[in-house]
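Trainee: What follows is a predicted protein model with its sequence.
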Amino acid sequence: MPTFTDAQSAPGAASSTVQFPPITRDHILNCSYDSWFPKYRTSCIKSRIIPLSPEFIEYIREDGIILADDDGAEPEDDEWESAPSTFRPVEEVDSDSDSDEEDEPPRLPPNQRFPELHQTIKDKIAELGGAVAPKLNWTAPKDAAWISPHQNTIKCTSPNDIYLLLKSSNFVTYDLEHAFDDCTSTTTTGNNSNIDSSGSPPFKPVLVLRSYFNPHTAMEFRCFVKHRNLIGISQRDLNFYEFLKDLRADIVARVSQLFNFKLRYTFPDGNFTFDVYIPEGEEDGEALSHARLIDINAWAPHTDSLLFDWPELLDMEVRGPVLGVVGGADEEVSSSDEDEEDEDVENDEDDFVPELRLVEKEDPSAYNFSSPQYSAHKLPKDVVDASLAGEGGMRDFARKWREMTEYRENVANWEIGDK
């Protein structure tokens, strides 16, 4: 959901001069996974939603990483060597810091700090087949995949995998601290307050566990809805895939099918974006299967518009706009009707025809392989290795870093004095 750097958000980052309609707290809450998943469950990846306690949120926010030490906490099939269950960063390298740390009360591991929640997470992982992808209300910790023991993915097979990703992610911090930053402020509360006087329900953090699968990133798309009309579809993986050009009509048909029969008249807001994954067809002669709903995002500056620009989306005129909340919000098309949906979508001539944008071969963004995704949120390998070595490793790294910087300063001063 969030956009953190210019490199990640280009070309679709909204500038400060772009004028959005007022963004309400309700709109942000409507996009929270626990708000919409029960309604669209049949179109989503199998998921479990776990309410989070204040103790868990405090654990995520605090410095240092302390993992569970109960038996079987570490997965048996780690692709990489498991890290120690406890490691903490070192802020000082002198002897005074040692005495200060000794005076601090020891922090309990998660299995002792919130045992019921810890056990619930273990049980839900087992229910979902032993491998899950975690996220909070809006955001997945994809920027922390570099620290995962599962080869640069957000795959988790144990509670410790989840704790490590959540505590290492800047994206998760967004959910906890900045989810309401773009909202229209009220007279009694700030933009980012978790308490609202306008009648909106309070923000309740949840942990979402989705059954893990390894998607073909070329088949992930972001879709833009304005006045309950699907106006644009953008490729999410900004690399060139030649085979996509032959699937244009099928992609638009599958996205339109999901939108018209699941989302259009049931989602509370008329303007929003949603992400889908379209798997290969399961039957002979079927190029693509039904689109799966992955996320719903706010119609707001922090949502990346990818191959579109927010000004053009905001200025785009929609034929036959549907304003306000339409009745029958709880109705949903049953799965038995899905066989007729393709024909119905094709025969609906009154709908706005969405534009599908794919990365073209001559597009400069198709050759940006030198900048890995979320690279701005990664750490140098030396820092990671030192942290995994425990407190002594971080202390030794800090000492070597200080020696190196002092040496470079001395060399620079000598060169200046020699001129």
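Mentor: Sure thing, it's come through.

Trainee: give me the element Lys134 is part of.
Mentor: Quick fix: residue 134 reads Pro, not Lys. Per DSSP states H and E, Pro134 falls inside strand 132-135.

Trainee: model confidence over the next helix or strand after that strand, on average?
Mentor: Following strand 132-135 in sequence order, the next helix or strand is helix 159-168 (DSSP H and E). Averaged across helix 159-168, pLDDT comes to 95.

Trainee: Can you point out the buried residues in helix 159-168?
Mentor: Of all the residues in helix 159-168, those buried under the rule 16 or more other C-beta atoms under 10 Å are Pro159, Asn160, Asp161, Ile162, Tyr163, Leu164, Leu165, Leu166, Lys167, Ser168. (Each C-beta comes from the backbone N, C-alpha and C, glycine too.)

Trainee: would JSON lines of those residues with distance to Ser35 be doable?
Mentor: Conversion of these to JSON lines gives the following (distance: C-beta to C-beta, whole Å):
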{"residue": "Pro159", "distance to Ser35": "25"}
{"residue": "Asn160", "distance to Ser35": "29"}
{"residue": "Asp161", "distance to Ser35": "26"}
{"residue": "Ile162", "distance to Ser35": "22"}
{"residue": "Tyr163", "distance to Ser35": "25"}
{"residue": "Leu164", "distance to Ser35": "27"}
{"residue": "Leu165", "distance to Ser35": "23"}
{"residue": "Leu166", "distance to Ser35": "20"}
{"residue": "Lys167", "distance to Ser35": "25"}
{"residue": "Ser168", "distance to Ser35": "26"}
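
Trainee: Would you map the helices across the protein?
Mentor: Under the criterion DSSP state H, the chain carries helices at the ranges 6-9, 25-30, 33-36, 54-61, 96-103, 110-113, 115-127, 159-168, 170-177, 248-258, 310-315, 341-347, 381-388, 391-418.

Trainee: how close does Tyr59 get to Pro301?
Mentor: Distance of Tyr59 to Pro301, given as C-beta to C-beta, to the nearest Å: 31 Å.

Trainee: what about these two, which has more around it?
Mentor: Tyr59 (22 against 19; other C-beta atoms under 10 Å).

Trainee: remind me which residues of the stretch 151-300 of the chain are low pLDDT?
Mentor: Residues of the stretch 151-300 of the chain that meet the criterion pLDDT under 70 lie in 186-200, 284.

Trainee: can you do 50?
Mentor: 187-193, 195 (pLDDT under 50).

Trainee: which residues in it form strands?
Mentor: 206-211, 220-226, 229-235, 272-277, 292-297 (DSSP state E, counting those that start in this stretch).

Trainee: closest to Pro21 out of those?
Mentor: Among the strands of the stretch 151-300 of the chain, strand 220-226 comes nearest to Pro21, with 10.2 Å by C-beta to C-beta.

Trainee: and the closest one with strand 229-235, angle?
Mentor: Here strand 220-226 points in a direction 160 degrees away from that of strand 229-235 (axes from the mean of the first three to the mean of the last three C-alpha atoms, to 10 degrees).

Trainee: ok, strand 220-226: who's next to it in the sheet?
Mentor: strand 229-235 (antiparallel), strand 272-277 (antiparallel) (DSSP bridges).

Trainee: Dump those strands to JSON lines, plus mean neighbour count and distance to Arg292.
Mentor: Below are these laid out as JSON lines (neighbours: other C-beta atoms under 10 Å; distance: least, C-beta to C-beta, whole Å):
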{"stretch": "strand 229-235", "mean neighbour count": "22", "distance to Arg292": "15"}
{"stretch": "strand 272-277", "mean neighbour count": "22", "distance to Arg292": "5"}
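
Trainee: Make TSV out of those and add distance to Phe203.
Mentor: Formatted as TSV, the strands paired with strand 220-226 follow (distance: least, C-beta to C-beta, whole Å):
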stretch	distance to Phe203
strand 229-235	29
strand 272-277	18
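
Trainee: Which one of those lies nearest to Lys262?
Mentor: Nearest of the strands paired with strand 220-226 (C-beta to C-beta): strand 272-277, 9.7 Å.

Trainee: buried ones in stretch 21-34?
Mentor: Ile23, Thr24, Arg25, Asp26, His27, Ile28, Leu29, Asn30, Cys31, Ser32, Tyr33, Asp34.

Trainee: Please report the confidence value the model assigns to the first one.
Mentor: Which is Ile23. 92.

Trainee: Could you do the fifth one as well?
Mentor: pLDDT, His27: 95.

Trainee: list the contacts for it?
Mentor: By C-beta atoms under 8 Å, 6 or more residues apart in numbering, His27 lies in contact with Cys183, Asp269, Phe272, Ala298, Trp299, Ala300.

Trainee: Filter these down to just the buried residues.
Mentor: Cys183, Asp269, Phe272, Ala298, Trp299, Ala300.

Trainee: and the third one, what does it touch?
Mentor: Listed by C-beta under 8 Å, 6+ apart, the contact partners of Phe272 are His27, Asn30, Cys31, Val225, Ile296, Asn297, Ala298, Trp299.

Trainee: of the residues you listed, closest to Asp309?
Mentor: Nearest to Asp309, judged by C-beta to C-beta, of these is Trp299 at 14.2 Å.

Trainee: ok, and the closest non-adjacent residue to that closest one?
Mentor: Closest residue to Trp299 apart from its sequence neighbours, by C-beta to C-beta, 6 or more residues apart in numbering: Asn271 at 3.9 Å.

Trainee: Dihedrals phi and psi, that neighbour?
Mentor: Here is the backbone geometry of Asn271 (degrees, to the nearest 10): phi -120, psi 120.

Trainee: Correct me if wrong: it contacts Pro21.
Mentor: Yes - between Asn271 and Pro21 a contact is recorded at 7.0 Å, counting by C-beta atoms under 8 Å.

Trainee: Could you dump the strands of the stretch 151-300 of the chain into TSV and include distance to Arg107?
Mentor: Output for those, formatted as TSV (distance: least, C-beta to C-beta, whole Å):
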stretch	distance to Arg107
strand 206-211	20
strand 220-226	38
strand 229-235	44
strand 272-277	36
strand 292-297	33
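
Trainee: quick one, which of the ones you listed is nearest to Gln119?
Mentor: For the strands of the stretch 151-300 of the chain, proximity to Gln119 was assessed by C-beta to C-beta; strand 206-211 is nearest, at 13.5 Å.

Trainee: Right, I'll leave it there.
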